[in-house]
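Peer 1: Predicted model, plus sequence, below.
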Amino acid sequence: MGFPGTWMTNSESVVYRVVPKCACSTIGQIMFYSDHGEFFDGDIHDAQHGMHKWAMDDSQPLITANVKAHKSFAFTCVRNPYTRILSSFFDKICGIQRNGRYYRGNLVPLLIQKYGIEVGDPENGFEFDQIKSFRRFLLFARDTIRWRRPMEPDIHWSAMSGHISTFIVNGGRYDKIFWTEQFNDGMQQVLDKIETPNAIDLAKIPRFNESEGHGPKRLHPVEDYFDDLSMHLMYEVYKKDFNLFKYDFENPANKMPIGEIDLNEVHAKLGE
């Protein structure tokens, strides 16, 4: 299986396991800048040069050799499951993608038909019942993850622990897992541990939010989207994410972690 979703700088200064919806665009651009002294012109996910990615065949033997020997500092980044799934809904389900179409073509019509979801449209300012539609989307996300129907789960809403575990199961070990909610602190701790051809000043790095601006704005506080049933579904699907990465399941209004991530626990629980 190898190391899907793994990126590495050309200089092999650092290895990163991508977790979708967890600041991956910003992290990728920081890695690119650290080697080249400039940002990639475009969405870093589209970059076919300037860094190693598991999705590129030529990079696979280099990434494999590095990770198996633990030659470089390896890290990843996580996010509160409540805000992550909301972000996935507004970006991937309600938003028009860079190609001018809905995400994954027939996905949105399928959701409208099978789950009664509304997504609004740019013509009417995206007016629709966000809370009702989100809760129906959450039911769909649960169905894809638990029963793989009506389709396989998408990387943007499948559990973070699932993404992170592939790296461990196949022989990798993380040196750091940090939270998007404390991005600068966590990213600085990574940068302090590595040597890069170009210095990074995090205070001057823009946030590369590639999903922003092509969908409706979230109109309500996070907690308004999650009633008792929604929280039950969240725990059913993301129990490991809440527990391993120390997020507050009981209070959707609290996006901040409530404990320290124990790397030994993560490796033990996700390496099985």
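Peer 2: Arrived safely. Residues are numbered from 1 along each chain as shown.
Peer 1: And the strands in the stretch 1-150 of the chain?
Peer 2: For the stretch 1-150 of the chain, the strands defined by DSSP state E, counting those that start in this stretch occupy 6-9, 14-17, 51-53, 73-78.
Peer 1: What strands line up against the longest one, and which way round?
Peer 2: Pairing partners of strand 73-78, with direction, according to DSSP bridges: strand 14-17 (parallel), strand 176-179 (parallel).
Peer 1: List the neighbours of the last one that are in contact with it.
Peer 2: The reference is to strand 176-179. 73-79, 164, 185-187, 189-190, 193, 245, 257, 261, 263, 266 (Cβ atoms under 8 Å, 6 or more residues apart in numbering). (Glycine included, C-beta is placed from N, CA and C.)
Peer 1: by contact count, what packs against the helix or strand bottoming out on mean pLDDT in the chain?
Peer 2: The helix or strand of the chain with the lowest confidence, counting by mean pLDDT, DSSP states H and E, is helix 107-115 at a mean of 92. Contact here means 3 or more Cβ pairs under 8 Å, 6 or more residues apart in numbering; DSSP states H and E; on that basis helix 107-115 packs against helix 130-147.
Peer 1: Just want the angle from the helix or strand following the helix it packs on to helix 130-147.
Peer 2: Toward the C-terminus, helix 130-147 is succeeded by helix 160-169 as the next helix or strand (DSSP states H and E). Orientation of helix 160-169 against helix 130-147 (axes from the mean of the first three to the mean of the last three Cα atoms, to 10 degrees) gives an angle of 30 degrees.
Peer 1: Report the distance from helix 160-169 to the chain centre.
Peer 2: 12 Å (Cα atoms, centre = their mean, to the nearest Å).
Peer 1: Ok, stretch 129-148 next?
Peer 2: On Cα atoms, centre = their mean, the centre of stretch 129-148 falls 18 Å from the chain's centre.
Peer 1: hmm, which of the contacts of strand 176-179 are the buried ones?
Peer 2: Listed as buried from those are 73-79, 164, 186-187, 190, 245, 257, 261, 266; burial here means 16 or more other Cβ atoms under 10 Å.
Peer 1: so where's the chain shaky on pLDDT?
Peer 2: 122, 124-125, 210-214 (pLDDT under 70).
Peer 1: all helices for it, in order.
Peer 2: For the chain, applying DSSP state H gives helices covering 24-36, 60-69, 81-88, 107-115, 130-147, 160-169, 183-193, 228-244, 263-270.
Peer 1: returning to what we had before: what's in contact with the least confident helix or strand of the chain?
Peer 2: Here helix 107-115 has contacts from Ile93, Tyr102, Ile117, Glu118, Val119, Arg136, Phe137, Leu139, Phe140, Pro150, Met151, using Cβ under 8 Å, 6+ apart.
Peer 1: Not counting its neighbours along the chain, what's nearest Gly37?
Peer 2: Nearest residue to Gly37, sequence neighbours excluded (Cβ to Cβ, 6 or more residues apart in numbering): Asn198, at 4.4 Å.
Peer 1: I figured that neighbour was touching Ile30, is that so?
Peer 2: No - applying Cβ atoms under 8 Å as the test, Asn198 and Ile30 come out as separate, 10.3 Å apart.
Peer 1: For the residue nearest to Ile261 when sequence neighbours are not counted, give its distance to Glu236.
Peer 2: With Cβ to Cβ, 6+ apart as the criterion, Ile261 has its nearest non-adjacent residue at 5.2 Å, and that residue is Ile177. According to Cβ to Cβ, to the nearest Å, Ile177 and Glu236 sit 23 Å apart.
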